[in-house]
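K.L.:
Predicted model, plus sequence, below.
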Amino acid sequence: MTAMPAPHEPPGLRERSRIRRRARYLRRLRELQLRDIGGFVVELHRFGRERPDVLKEKVEAASETDHELRELERALTDRRPVTDVREPGIGGACPGCGTVHGSSDRYCSWCGREL
C-alpha cells in the first residue's frame with residue numbers, strides 16, 4: 001500500500017524562494033509588456049494604421065505572464081494589491097481628463113485644469 005501525497009502541501013523553504021524569484025521576474029516582465037502594448041497602440045494610432053494580429057499576440061503574451069504570476073502568488077498565498085506605478089518625472093494623471101502629467105507641472109497640458 002503506497003502513501004497518498006497531500007493534495008495541497010505548501011512549498012518548502014527552497015521552493016518558496018524559487019517561486020518568489022520567478023514572481024519578481026514575472027512582475028517586471030508584465031509591466032514591460034503592458035508598457036509595450038500601450039506604446040504600440042499609440043504608435044498605431046499616430047500613423048493611422050491597424051495591426052490587430054500583432055496586438056492580439058502582444059495581449060496574449062501579457063495574459064500568459066499574468067496567469068503564471070497569479071498561479072505563483074496563489075501557491076505562496078501572497079496576493080498583492082494593485083499599486084500605482086511611480087516613475088521619476090511623472091506626477092500622475094489629471095483628475096479631470098486623465099492625461100499623464102509631469103511631476104513639475106502645475107496645470108494639465110490637455111484641459112488646463114490646475115493640478
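P.N.:
Yep, that arrived. Numbering: from 1, shown residues only.
K.L.:
Where do the strands of the chain begin and end?
P.N.:
90-93, 100-102 (DSSP state E).
K.L.:
JSON lines for those, including mean neighbour count, distance to Ile19 and mean pLDDT?
P.N.:
C-betas here are computed from N, CA, C, even on glycine. Converted to JSON lines, the strands of the chain look like this (neighbours: other CB atoms under 10 Å; distance: least, CB to CB, whole Å; pLDDT from 0 to 100):
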{"stretch": "strand 90-93", "mean neighbour count": "14", "distance to Ile19": "31", "mean pLDDT": "78"}
{"stretch": "strand 100-102", "mean neighbour count": "15", "distance to Ile19": "34", "mean pLDDT": "82"}
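K.L.:
Could you save the ones you listed as TSV and add columns showing distance to Leu34?
P.N.:
Shown next, in TSV, are the strands of the chain (distance: least, CB to CB, whole Å):
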stretch	distance to Leu34
strand 90-93	15
strand 100-102	14
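K.L.:
So for Gly39, which of the ones you listed sits nearest?
P.N.:
Closest to Gly39 of the strands of the chain is strand 100-102 (CB to CB; 12.7 Å).
K.L.:
which residues are in contact with the closest one?
P.N.:
For strand 100-102, the external contacting residues (CB atoms under 8 Å, 6 or more residues apart in numbering) are Gly89, Ile90, Gly91, Gly92, Ala93, Cys94, Cys108, Ser109, Leu115.
K.L.:
residue closest to the middle of the chain?
P.N.:
Glu31 (3.8 Å; CA atoms, centre = their mean).
K.L.:
Let me know the pLDDT of it.
P.N.:
Listed pLDDT for Glu31 reads 94.
K.L.:
now do Val59
P.N.:
Val59 carries a pLDDT score of 95 in this model.
K.L.:
again, but for Arg16
P.N.:
Looking at Arg16, the pLDDT reads 85.
K.L.:
could you pull out the helices for the chain?
P.N.:
13-47, 52-76 (DSSP state H).
K.L.:
Could I get the buried residue list for the shortest one?
P.N.:
The reference is to helix 52-76. For helix 52-76, the neighbour count (16 or more other CB atoms under 10 Å) marks Lys58, Ala62, Thr65, Asp66, Leu69, Leu72, Glu73 as buried.
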